[in-house]
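**Q** Here is a sequence with its predicted model. Questions after.
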Amino acid sequence: MKRKLLFELSQEGRRGYKFPASDVPSCEKLPQHLQRQTSPILPELSELDVVRHYSALASLSFGVDLGAYPLGSCTMKYNPKLHNYVAALEGFANIHPLQDEKSVQGALEVIYKTTESLSAITGMAWGTLQPLAGAHGEYVGLKIIRAYHTSRGEDHRNKVIVPISAHGTNPASASMVGYSIVEVATNAKGLVDIEALKELLDDDIAAIMLTNPNTLGLFEEDIAEIATLVHGCGALLYYDGANLNAVLGISRPGDMGFDVVHLNLHKTFATPHGGGGPGSGPVLVKEALRPYLPTPDVVLTEEGYCWDWDRELSIGKVSGFWGNFLVYLKAYAYILTMGREGLKEASIHALLNANYMLSRLRGHFNVPYQERCMHEFVISVHDFKELYGVSALDFAKALQDYGYHPPTVYFPLIVSEALMFEPTESESKETLDGLIEALIELGELAKTDGDRLKEAPLTRPIKRIDEARAAKNPILRWKPKE
Ligand SMILES: *Cc1c(COP(=O)(O)O)cnc(C)c1O
C-alpha cells in the first residue's frame, strides 16, 4: 500500500488544536520588508491524522527493539530503557547550558565523573565530552595531535598512516585536519603488516590510526611492537574506539600504548546508533596531550565544580555548549548500572556470541582470515556470486524476510562479497540460532533458486531501491506541484 505524505493528507481548514482568542495586546508588526508576502505552505491535519501517520511510519521501520540487528562495525545492541528514564529526569532534561554553574552542580558532576570513568575504562589521563560523533572525535583527536607536534616545532610531520581495512572516517578525518594519508598493508593473517609499517615510519609521520580489534574483528596482537616502532619515530598512536564493545574491562588502549582515543558512546554505551540521532564521541588522551584538550574543562575546586577556560595550549572549543549532554549522561548511568564486572561480562558475552555464530557458519560459508574472532566477523559469499550469481547484497536483502536486519555488506573493502556480523552481547542463543539457520537456508536456496534471493525482500513495504539514484539525486523534501 502506498502511504500518503502529510501534505497529501492535508484538508484545508482542518486543525489539531484551537488557540483561545488572544487577551493581550498584539505587539508591533515587523517592518514591511521583513514580512513574508504569502503564507507558508503547511499541511492541515487533525491530531488523529498526525498520530496515525507517524505510528504507521514507525511500524514500517526496523530497530533493535524489533529484532536482531547484527550490523558489523556498528554495535547495534539493546539500550536498556532505564537510562532513557534517567536522561528524562527533570533536573537533567530541563536545565540550560548557560545556567549559572552554582545551579547545575549535579550536571557538572556528571561531566566530571563521566570523563573520569571513560579515562579509567580506556587507560587514559583525561578527556573531553564535547565531540558529537565518532568522526567528530577523530577530527578533534587529530587536531590535538597536530597541536602537540606544532608546539614541539615538528610541524613538518604531515602524514597519517591508516591500514587499508580502516573505517572510512579515519582517512577522511585525517585529511580534514590537513594530513595526507599513507596506507599500510594488511598481512595474510588480516593484521597490520609490521615489515610494511617499518618502511613507512619516518620523521614526516604524525600518527598512525588503528582500531583494535580491527575491522576484520581481529586483535592486533603485535600492538606493543607497533607502539614502540611508532613512538620511536616521534609519532603518536590514535585509537579508533568504536570497537570498544569487544574489550571493555579486558584490555585498555592506554595500556596498549595509544596516546589518543575516541569512543562512540552511541554504539557501546547505551545510545542507539544510526538514523542520524544524537551521538557522542568523547576523546581521551595521555597526560602529555592534556594541555591541548578543548576548552572549557570541568574542574573540581573548593567551591564545587566549575568550567576552566584558561588553557593556553588548548585547541579551543569544538562544539556548541558542552556536547550532547543527555547522551553521555545515559552512558554514565549505563556504566554505573553495569559496574566494572558487568562491563567486562558484556564484552565477554559479545565475544562468545560472535564466536558461536562464526563457528556454526564456518562449514557453510567461506571465512577469510579468521581462526577465532573478537566481537565481529566477516564471511565472504564470493563463491556464491561466481557460481550462482547471488551476491552479498542479495543475501542481506533476503535476511529481512526472516525478520533480521541485514549485516554490514561490502566492508571491509579487502574482502570480496563481504558480510560482516556483530551479534553483540544482547542476543540470546535462540535468536543467534535462528539467524544462523536463516543464513544456511539462504545458502542452500542460492544454489537451487537464486532468483528468489534476487527478488528479496518480499515481506518489506519497499523492495529494491536504486541505491545510486538515492545518493545522486536525493529528493529530500516535498514541493507543491507547479
Ligand atoms: C562507527 C564508526 C566510526 C564513526 O562513527 P560516527 O559516529 O558514525 O561518526 C568510526 N570508526 C569505526 C571503526 C566505526 O565503527
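**A** Received the coordinates, thanks.
**Q** Make sure residue 378 is indeed in a strand.
**A** Yes: looking at residue 378 with DSSP: H, G, I helix; E, B strand; the rest coil, it is inside a strand.
**Q** what number of residues lie near it?
**A** Neighbouring residues of residue 378 were enumerated by other CB atoms under 10 Å; the total is 29. Any C-beta I mention is one placed from the backbone N, CA and C, and that applies to glycine too.
**Q** all strands for the stretch 351-482 of the chain, in order.
**A** Assigned strands in the stretch 351-482 of the chain, in chain order: 377-380, 408-409, 418-421 (criterion: DSSP state E, counting those that start in this stretch).
**Q** and of the ones you listed, who's closest to residue 115?
**A** Taking CB to CB as the measure, these were each checked against residue 115, and strand 408-409 came out nearest at 30.7 Å.
**Q** residue boundaries of the strands in the stretch 51-200 of the chain?
**A** Using DSSP E, counting those that start in this stretch, strands in the stretch 51-200 of the chain cover 126-128, 159-163, 180-184.
**Q** quick one, which of the ones you listed is nearest to the ligand?
**A** Distances from the ligand to each of those were compared by CB to the nearest ligand atom, and the smallest falls on strand 159-163, at 11.1 Å.
**Q** got the angle for that closest one vs strand 180-184?
**A** For strand 159-163 against strand 180-184, the angle by axes from the mean of the first three to the mean of the last three CA atoms, to 10 degrees is 40 degrees.
**Q** can you put the strands of the stretch 51-200 of the chain in CSV and add mean pLDDT?
**A** Shown next, in CSV, are the strands of the stretch 51-200 of the chain (pLDDT from 0 to 100):
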stretch, mean pLDDT
strand 126-128, 98
strand 159-163, 97
strand 180-184, 97
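**Q** which one of those strands lies closest to residue 436?
**A** Comparing the strands of the stretch 51-200 of the chain under CB to CB, the one sitting nearest is strand 159-163, at 29.5 Å.
**Q** Show me what the closest one packs onto, helices and strands only.
**A** helix 169-176, strand 180-184, strand 205-210 (3 or more CB pairs under 8 Å, 6 or more residues apart in numbering; DSSP states H and E).
**Q** Just name whatever secondary elements the shortest one is in contact with.
**A** Just to be clear, that refers to strand 180-184. Applying 3+ CB pairs under 8 Å, 6+ apart, one finds that strand 180-184 contacts strand 159-163, helix 169-176, helix 194-200.
**Q** give me that answer again for 6 Å
**A** Using 3 or more CB pairs under 6 Å, 6 or more residues apart in numbering; DSSP states H and E as the contact definition, the elements that strand 180-184 packs against are strand 159-163, helix 194-200.
**Q** Which stretch among these is buried most, on average?
**A** Per-stretch averages of neighbours, counted by mean count of other CB atoms under 10 Å, single out strand 159-163 among the helices and strands packed on strand 180-184, with a mean of 25.
**Q** That strand: partners in the sheet, and parallel or antiparallel?
**A** Strands that pair with strand 159-163, judged by DSSP bridges, come out as strand 180-184 (parallel), strand 205-210 (parallel).
**Q** how about TSV for those strands, with mean neighbour count and distance to residue 226 added?
**A** Output for those, formatted as TSV (neighbours: other CB atoms under 10 Å; distance: least, CB to CB, whole Å):
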stretch	mean neighbour count	distance to residue 226
strand 180-184	16	10
strand 205-210	26	7
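**Q** could I get these as CSV with distance to residue 84?
**A** Converted to CSV, the strands paired with strand 159-163 look like this (distance: least, CB to CB, whole Å):
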stretch, distance to residue 84
strand 180-184, 39
strand 205-210, 33
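**Q** Out of those strands, the one nearest residue 348 is which?
**A** Distances from residue 348 to each of those were compared using CB to CB; the shortest belongs to strand 205-210, at 22.6 Å.
**Q** Can you read off the pLDDT for residue 1?
**A** Predicted confidence (pLDDT) at residue 1: the value is 62.
**Q** hang on, the earlier thing: nearest to residue 482 among the helices and strands packed on strand 180-184 would be which one?
**A** Go through these one by one with CB to CB and the one that ends up closest to residue 482 is strand 159-163, at 47.9 Å.
**Q** Any chance you could list what contacts that closest one?
**A** Applying CB atoms under 6 Å, 6 or more residues apart in numbering, the external contacts of strand 159-163 come out as 170-171, 174, 179-182, 184, 192, 200, 204-209.
**Q** Please report how far residue 281 lies from the ligand.
**A** Residue 281 sits at a distance of 6 Å from the ligand (criterion: CB to the nearest ligand atom, to the nearest Å).
**Q** ok, that residue touching residue 131?
**A** Yes: taking contacts as CB atoms under 6 Å, residue 281 lies within contact range of residue 131: 4.1 Å.
**Q** Overlap in contacts, these two.
**A** Common neighbours of residue 281 and residue 131, using CB under 6 Å, 6+ apart, are residue 137.
**Q** Save the helices and strands packed on strand 159-163 as JSON lines, and put in distance to residue 257 too.
**A** Below are the helices and strands packed on strand 159-163 laid out as JSON lines (distance: least, CB to CB, whole Å):
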{"stretch": "helix 169-176", "distance to residue 257": "18"}
{"stretch": "strand 180-184", "distance to residue 257": "16"}
{"stretch": "strand 205-210", "distance to residue 257": "10"}
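**Q** On the three-state scheme, residue 17 is what?
**A** Residue 17 - assigned by three-state DSSP - is coil.
**Q** Check the gap between it and the ligand for me.
**A** Using CB to the nearest ligand atom, residue 17 is found at 37 Å from the ligand.
**Q** cool, residue 174 as well?
**A** Residue 174 sits 12 Å away from the ligand, taking CB to the nearest ligand atom as the criterion.
**Q** ok, back up a step: so which of the contacts of strand 159-163 comes closest to residue 396?
**A** Distance from residue 396 was checked for each of the contacts of strand 159-163 by CB to CB. The minimum falls on residue 170, at 24.0 Å.
**Q** hang on, that closest one packs against residue 209?
**A** Yes: Residue 170 sits in contact with residue 209 when judged by CB under 6 Å, with a separation of 4.7 Å.
**Q** number of nearby residues for the residue nearest to residue 79 when sequence neighbours are not counted?
**A** Nearest in space to residue 79, with sequence neighbours left out and distances taken as CB to CB, 6 or more residues apart in numbering, is residue 270 at 4.9 Å. A count of neighbours around residue 270, defined by other CB under 10 Å, yields 28.
**Q** what's the spacing between residue 270 and residue 261?
**A** Distance of residue 270 to residue 261, given as CB to CB, to the nearest Å: 19 Å.
**Q** Quick one: the helices in the stretch 151-300 of the chain, in order.
**A** Counting by DSSP state H, counting those that start in this stretch, the segments of the stretch 151-300 of the chain that form helices are 169-176, 194-200, 223-232, 253-256, 265-268.
**Q** Spell out which parts of this structure neighbour the ligand.
**A** Taking CB under 6 Å from any ligand atom as the criterion, the neighbours of the ligand within the chain are 73-74, 133-135, 167, 169, 211, 240, 242-243, 264, 279, 281.
**Q** Now list the buried members of those.
**A** When these are checked for burial by 16 or more other CB atoms under 10 Å, the buried set is 73-74, 133-135, 167, 169, 211, 240, 242-243, 264, 279, 281.
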